[in-house]
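*Asks:* coordinates for the following, if possible.
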Amino acid sequence: MADFVAAIDQGTTSTRCMIFDHGGNEVVRHQLEHEQILPGPGRVEHNPVEIWERTSSVIQTALNTKGIGHNDIAALGVTNQRETTVIWDRRTGRPYYNAIVWQDTRTDSIAAALDRDGRGDVIRRKAGLPPATYFSGGKIQWILENVDGVRAAAERGDALFGTTDSWLLWNLTGGVDGGLHLTDVTNASRTMLMNLETLDWDDELIGFFNIPRRMLPAIRPSIDPSLYGNTRRIGPLGGEVALAGDLGDQQAAMVGQVCLSAGEAKNTYGTGNFLLLNTGHDLVRSQNGLLTTVCYQHGQDKPVYALEGSIAVTGSAVQWLRDQLHIIADAAHSEALAGDVPDNGGVYFVPAFSGLFAPYWRSDARGAIVGLSRFNTDAHIARATLEAICYQSRDVADAMEKDSGVRLEVLKVDGGVTANELCMQIQADVLGVEVSRPVVAETTALGAAYAAGLAVGFWKNTDELRRNWRESRRWTPTWDAERREAGYAGWRKAVSRTLDWVDVP
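*Replies:* Purely as a prediction, here's the structure:
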């Protein structure tokens with residue numbers, strides 16, 4: 001039997017290949033960043049060709065580093081940045097336009113129009129999502145309406161849509177030479193086009209965006225040995241491998257954190273923050289600004305659902321300090337700089353670069369740093385940035401408790417920002433609950449590997465996954481209730497200053 005499972009983790013800022021053994025231990029990884037294309041205010045794009053080239057490269061380098069061949073790989077899982085929209089020509093394999101990233105806000109007028117005429121209520125009921133620039137449906141419509149030739153190509157069946165999982169899977173399985181045009185239920189549930197009850201594209205929702213159905217990928221379960229036609233020849237792997245798992249990144253992190261039972265939750269700290277609560281087979285419709293989404297589906301079993309609080313800008317705010325303000329040299333420097341001061345000195349930073357996502361859903365908001373005085377330094381801004389990550393997570397945690405009645409006792413955390421130990425201590429202080437980080441913090445890739453491995457029997461059941469989970473570090477709150485609530489009141493006041501900044505048509 002093969003000794004390893006491989007995972008492709010195609011994220012917002014980078015793509016990595018990670019290979020795991022049966023104990024869920026990382027054997028090797030390779031990671032490459034790709035360009036963030038910023039053509040104008042509120043616009044964020046990626047080059048899909050660059051992403052595919054990076055994917056091929058990280059797979060080959062990871063294998064070569066440890067001398068692993070395709071016969072050593074039991075299965076391959078894929079996880080990806082969700083909502084980011086790619087449309088390409090099935091005959092040539094060339095994208096018609098850059099990928100429009102989930103953070104992009106150019107579709108604000110499309111989203112506003114949906115709410116004005118009542119279509120938004122239908123989308124909320126059927127898809128579990130509010131009309132927002134975040135999701136794929138409006139991005140598809142924008143490309144169809146603004147890129148010459150795409151609508152005609154879509155009508156005749158030549159233009160294919162996918163989130164980045166579909167783009168990679170099509171290329172991995174042959175591209176123009178028989179590539180499979182597929183996605184899974186978790187990614188499909190982020191488009192505003194899939195009915196959460198039927199797990200299929202909904203003709204009424206598709207009609208709202210005037211999207212030809214034939215450009216949409218077939219929807220499959222997240223964990224399934226037949227997901228992509230059993231084994232396929234995967235070019236970068238050098239041979240046939242079972243493609244058996246596909247999950248959006250945040251749902252993959254739920255699997256990686258083994259949050260597989262109702263009531264279990266995790267928070268992933270990456271480009272943005274994503275707090276998910278497993279609601280089991282119950283489709284819970286939020287009344288407090290959260291999303292209802294598919295958590296995962298195992299074969300033909302009933303789907304497992306989740307409530308999600310999506311936050312657009314958290315780790316990317318630290319990146320902004322580095323790349324735009326140049327006050328830190330790298331992400332690790334943010335912890336040292338913020339640690340130079342005991343508190344935020346009255347400064348709050350609301351990084352609403354793409355508007356505000358959950359629980360506010362305000363595309364008219366824009367970023368603001370408030371409370372500045374002559375006393376403040378770059379250290380206070382660095383600390384306010386870390387606090388912004390944590391306060392936004394509290395916004396979501398409070399909404400989740402109202403919707404579900406579940407009070408978090410311990411918050412499982414993962415993602416790159418969890419390496420910032422000061423930030424994790426602030427998170428425990430802001431929430432007033434303990435924060436727990438696993439040994440393998442990059443749980444999106446681990447979750448994709450678990451999904452693929454479960455599908456082919458590399459792991460027999462989820463009990464084996466639970467035994468693999470191990471804690472690396474735990475943070476306990478140190479703030480008293482008075483400081484916690486005073487800090488949060490200041491945050492809410494700062495948020496109010498960001499609203500109504502942009503006029504939405």
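
*Asks:* the bottom helix or strand of the protein by mean pLDDT?
*Replies:* strand 231-234 (a mean of 64; mean pLDDT, DSSP states H and E).

*Asks:* quick one: distance of the very next helix or strand once past that one to the chain centre.
*Replies:* Heading C-terminal from strand 231-234, the first helix or strand you meet, by DSSP states H and E, is strand 239-248. Using C-alpha atoms, centre = their mean, to the nearest Å, the distance from the centre of strand 239-248 to the centre of the chain it belongs to is 19 Å.

*Asks:* the helix or strand that strand 239-248 is followed by vs strand 239-248, what angle?
*Replies:* Note on strand 239-248: by DSSP H and E, the next helix or strand toward the C-terminus is helix 249-256. Helix 249-256 and strand 239-248 meet at an angle of 100 degrees, taking axes from the mean of the first three to the mean of the last three C-alpha atoms, to 10 degrees as the criterion.

*Asks:* against which helices or strands is helix 249-256 packed?
*Replies:* Judged by 3 or more C-beta pairs under 8 Å, 6 or more residues apart in numbering; DSSP states H and E, helix 249-256 is in contact with strand 73-80, strand 265-269, strand 273-280, strand 291-296, strand 304-311, helix 443-456. The C-beta positions use only the backbone N, C-alpha and C, and glycine is treated the same way.

*Asks:* how far off centre is the second one?
*Replies:* This points to strand 265-269. Mean-position distance between strand 265-269 and its chain equals 11 Å (C-alpha atoms, centre = their mean).

*Asks:* keeping just the C-alphas, turn that strand into CSV.
*Replies:* Output for strand 265-269, consisting of C-alpha atoms alone and laid out as CSV, is shown next (Å, rounded to 0.1, in the frame of the first residue of the first chain):
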residue,chain,number,x,y,z
ALA,A,265,-16.0,24.9,15.5
LYS,A,266,-12.7,26.3,14.3
ASN,A,267,-11.2,29.6,13.2
THR,A,268,-8.8,29.8,10.3
TYR,A,269,-6.4,32.8,10.2
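
*Asks:* could you list the paired strands of it along with their orientation?
*Replies:* Listed by DSSP bridges, the sheet partners of strand 265-269 and their directions read strand 273-280 (antiparallel), strand 410-414 (parallel).

*Asks:* tell me the angle of the shortest one relative to helix 443-456?
*Replies:* In this structure, strand 410-414 runs at an angle of 90 degrees to helix 443-456, with the same axes, to 10 degrees as the basis.

*Asks:* run through who's touching strand 410-414.
*Replies:* The contact list for strand 410-414, computed with C-beta atoms under 8 Å, 6 or more residues apart in numbering, reads 253, 256-257, 259, 264-269, 397, 424, 427, 431, 433-438, 441-444.

*Asks:* run the last query once more with 10 Å
*Replies:* 253-254, 256-259, 264-270, 273, 275, 393, 397, 423-424, 427-428, 431, 433-438, 440-444, 446-447, 469, 471, 473-475 (C-beta atoms under 10 Å, 6 or more residues apart in numbering).

*Asks:* weed out the non-buried ones from those residues.
*Replies:* 253-254, 256-259, 264-270, 273, 275, 393, 397, 423-424, 427-428, 431, 433, 435-438, 440-444, 446-447, 469, 475 (16 or more other C-beta atoms under 10 Å).

*Asks:* kindly list the longest helix within the protein.
*Replies:* Looking only at the chain and at elements set by DSSP state H, the helix with the highest residue count is helix 378-404.

*Asks:* and that helix, average pLDDT?
*Replies:* Averaged over helix 378-404, pLDDT sits at 94.

*Asks:* with stretch 181-190 instead?
*Replies:* Mean per-residue pLDDT for stretch 181-190: 96.

*Asks:* sorry, back to before: angle of the longest helix of the chain against strand 304-311?
*Replies:* In terms of direction (the same axes, to 10 degrees), helix 378-404 departs from strand 304-311 by 150 degrees.

*Asks:* hang on, the earlier thing: which one of the strands paired with strand 265-269 lies closest to D249?
*Replies:* Within the strands paired with strand 265-269, the stretch nearest D249 is strand 273-280; the backing value is 7.9 Å (C-beta to C-beta).

*Asks:* next, the angle strand 291-296 makes with the closest one.
*Replies:* Taking the same axes, to 10 degrees, one finds that strand 273-280 is oriented at 70 degrees with respect to strand 291-296.

*Asks:* how far away from the center of its chain is strand 273-280?
*Replies:* Strand 273-280 has its C-alpha centroid displaced from the chain centroid by 12 Å (C-alpha atoms, centre = their mean).

*Asks:* with just CA atoms, put it into CSV.
*Replies:* Taking C-alpha atoms only, strand 273-280 is exported to CSV below (Å, rounded to 0.1, in the frame of the first residue of the first chain):
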residue,chain,number,x,y,z
ASN,A,273,-10.5,34.9,8.9
PHE,A,274,-13.2,32.2,8.7
LEU,A,275,-15.0,30.9,11.7
LEU,A,276,-17.2,27.8,11.0
LEU,A,277,-19.5,25.9,13.3
ASN,A,278,-20.6,22.4,12.3
THR,A,279,-24.5,22.2,12.5
GLY,A,280,-24.7,18.5,11.4
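
*Asks:* re the thing from before, buried ones in the longest helix of the chain?
*Replies:* The neighbour-count criterion (16+ other C-beta under 10 Å) identifies 378-400, 403-404 as the buried residues of helix 378-404.

*Asks:* contacting residues around the residue of the chain most remote from its centre?
*Replies:* Note on the chain: the largest separation between a C-alpha and the mean C-alpha position, by C-alpha atoms, centre = their mean, falls on R374 (38.1 Å). If you count contacts by C-beta under 10 Å, 6+ apart, R374 has none.

*Asks:* per-residue pLDDT, it?
*Replies:* What the model reports as pLDDT for R374 is 94.

*Asks:* SS state for it?
*Replies:* Going by DSSP: H, G, I helix; E, B strand; the rest coil, the secondary structure assigned to R374 is coil.

*Asks:* distance of it from E83?
*Replies:* In this structure, R374 and E83 are 42 Å apart, going by C-beta to C-beta, to the nearest Å.

*Asks:* for stretch 293-303, which positions count as buried?
*Replies:* Of the residues in stretch 293-303, those scored as buried under the neighbour-count criterion (16+ other C-beta under 10 Å) are 293-298, 303.

*Asks:* also stretch 209-217?
*Replies:* 209, 211-212, 215-217.

*Asks:* so, low pLDDT: which residues of the stretch 151-300 of the chain?
*Replies:* Applying pLDDT under 70 to the stretch 151-300 of the chain picks out residues 226-233, 235.

*Asks:* make it 50
*Replies:* Under the criterion of pLDDT under 50, the regions of the stretch 151-300 of the chain flagged as low confidence span 229.

*Asks:* and the helices and strands packed on helix 249-256 as a markdown table, adding distance to K412?
*Replies:* As requested, those are exported to a markdown table (distance: least, C-beta to C-beta, whole Å):
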| stretch | distance to K412 |
| --- | --- |
| strand 73-80 | 17 |
| strand 265-269 | 4 |
| strand 273-280 | 10 |
| strand 291-296 | 14 |
| strand 304-311 | 14 |
| helix 443-456 | 9 |
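
*Asks:* for those, which one sits closest to A419?
*Replies:* Go through the helices and strands packed on helix 249-256 one by one with C-beta to C-beta and the one that ends up closest to A419 is strand 265-269, at 9.3 Å.

*Asks:* mind listing what the closest residue to E264 other than its chain neighbours touches?
*Replies:* Sequence neighbours aside, N278 is the residue nearest to E264 in space, at 4.9 Å (criterion: C-beta to C-beta, 6 or more residues apart in numbering). Taking C-beta under 10 Å, 6+ apart as the criterion, N278 is in contact with 254, 259-266, 295-296, 304-307, 404, 406.

*Asks:* A481 against V430, yeah?
*Replies:* No. In this structure, A481 sits apart from V430 without contact. The criterion is C-beta atoms under 10 Å, and the distance is 11.9 Å.
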